[in-house]
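Asks: Quick check, what structure comes out for this input:
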Amino acid sequence: MATFALYNYEFEISLPDDTTPTLFGGESPVVAAKENFNRRQEVFAELLNHDQDGTTPIAYNSKNGKQDYKHKWLMKPQDGIYYFRLLHEHKIKLHDEDMNEHPAGDFLGCRVFFDNRDGIQRLAIEMNSSFGKLSTVEDILARGLNEAMGKRYFLKVRLEHLLKPSRFWEILCDRTSYPKGFSKMNLYFPPINLERLSEHIDYIINKGRATLGSDSTVSFKAPSGTALSLDPKDEWTNNMVTSASAIGGNDAITLFPIGKKKVQVGHDNYEEINLSDDKLNQIEHGDMGLFGLDDIKAKLKTGI
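Replies: Residues are numbered from 1 along each chain as shown. Sure thing, here's the model as predicted:
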């Protein structure tokens, strides 16, 4: 069984410093960016398709540019699903019987799914030790994709990992660490251009003030000398945690314990799915079976 962390991905316009139209009637970056943003999922599919067929490969590298990361496509794109393995090469030295050194590359990797079906925009990254931390893989993917999208389409992509809502309640109920409760809660909402996430924000904002008895922009603050009424049995609070977790990201929910440092509920907290090794192996060997990608697509829609 392979375990994957789930993400939402959303698009933003990314303009160069010089937005002057090109000569001979060329379209300005501003106009091109707006046109591409309006067809952002189509553009993203084009980007990944051209990488898969070798027309215009995407380069993935380290932040300092000193290491390139290969990636190997594991299936031909189908039904809006894109599947490849990001590889991490470790240089090793092998020795023969005479103790002569023979440099070799040892590859580890993690598998990546992009679900670019209409309205889905879901990413799944395999959770293993190949890159050390998931945040490293996020950074590599985002940098490679944004380098390519920025140059070709004047767009960029933002990756936000989904959270396990249970982590919020673990923190809230930890009376040993936070005996006085919490004076403030911040909810961060990144720019939203994915309709299925908008309703989560509407619910949180519209019902939050009445339920918590607080001011509410993106911050809910208890009156001086008191703690927030965060009740696990309260309907709005439960749905708020679920919604903020579905929007995702490190900054999705930040709690401020009285007398202690703030706690980011999203830190090192990932919503996970498990995918069968047998099913993954079938897909990678071109054997889709009777129901093809149905199991994979259902799992990638978790929480939608």
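Asks: Contacts for the lengthiest helix in the chain next, please.
Replies: Assignment by DSSP state H gives helix 134-153 as the longest helix of the chain. Counting by C-beta atoms under 8 Å, 6 or more residues apart in numbering, helix 134-153 makes contact with 5, 7, 14, 16, 32-33, 36, 43-44, 47, 51, 56, 58-63, 69, 86, 110, 112, 123, 125, 127, 131, 155-159, 161, 270, all of which sit outside it. All C-beta atoms are positioned from the backbone trio N, CA, C, and that covers glycine.
Asks: hmm, which of those residues are the buried ones?
Replies: 5, 7, 14, 32-33, 36, 43-44, 47, 51, 58, 60, 69, 86, 110, 112, 123, 125, 131, 155-159, 161, 270 (16 or more other C-beta atoms under 10 Å).
Asks: Work out the gap between stretch 152-164 and the centre of the chain.
Replies: On the basis of C-alpha atoms, centre = their mean, to the nearest Å, the separation between the geometric centre of stretch 152-164 and that of its chain is 6 Å.
Asks: Identify all contacting residues around the helix or strand containing residue 245.
Replies: Following DSSP states H and E, the helix or strand that holds residue 245 is helix 235-247. Helix 235-247 is touched from outside by 8, 160, 162-165, 168-169, 187, 189-190, 192, 197, 200-201, 203-204, 207-208, 211-212, 230-232, 252-253, 271, 303, with contacts defined as C-beta under 8 Å, 6+ apart.
Asks: Kindly export it (C-alpha atoms) in PDB.
Replies: Extracted in PDB, the C-alpha atoms of helix 235-247 (Å, rounded to 0.1, in the frame of the first residue of the first chain):
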ATOM      1  CA  GLU A 235     -21.800  22.800  14.400                       C
ATOM      2  CA  TRP A 236     -20.100  25.900  13.100                       C
ATOM      3  CA  THR A 237     -16.800  25.100  14.700                       C
ATOM      4  CA  ASN A 238     -16.800  21.600  13.400                       C
ATOM      5  CA  ASN A 239     -17.700  22.700   9.900                       C
ATOM      6  CA  MET A 240     -15.100  25.600  10.100                       C
ATOM      7  CA  VAL A 241     -12.300  23.100  10.900                       C
ATOM      8  CA  THR A 242     -13.400  20.800   8.000                       C
ATOM      9  CA  SER A 243     -13.700  23.700   5.600                       C
ATOM     10  CA  ALA A 244     -10.300  25.300   6.500                       C
ATOM     11  CA  SER A 245      -8.700  21.900   6.300                       C
ATOM     12  CA  ALA A 246     -10.200  21.400   2.900                       C
ATOM     13  CA  ILE A 247      -8.800  24.700   1.700                       C
END
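Asks: Report the buried residues of that helix.
Replies: Neighbour counts using 16+ other C-beta under 10 Å place 236, 237, 240, 241, 242, 243, 244, 245, 246, 247 of helix 235-247 among the buried residues.
Asks: same thing with stretch 265-273?
Replies: Of the residues in stretch 265-273, those buried by neighbour count under the rule 16+ other C-beta under 10 Å are 265, 266, 269, 270, 271, 273.
Asks: what do you get for stretch 119-138?
Replies: Of the residues in stretch 119-138, those buried under the neighbour-count criterion (16+ other C-beta under 10 Å) are 120, 121, 122, 123, 124, 125, 126, 130, 131, 134, 137, 138.
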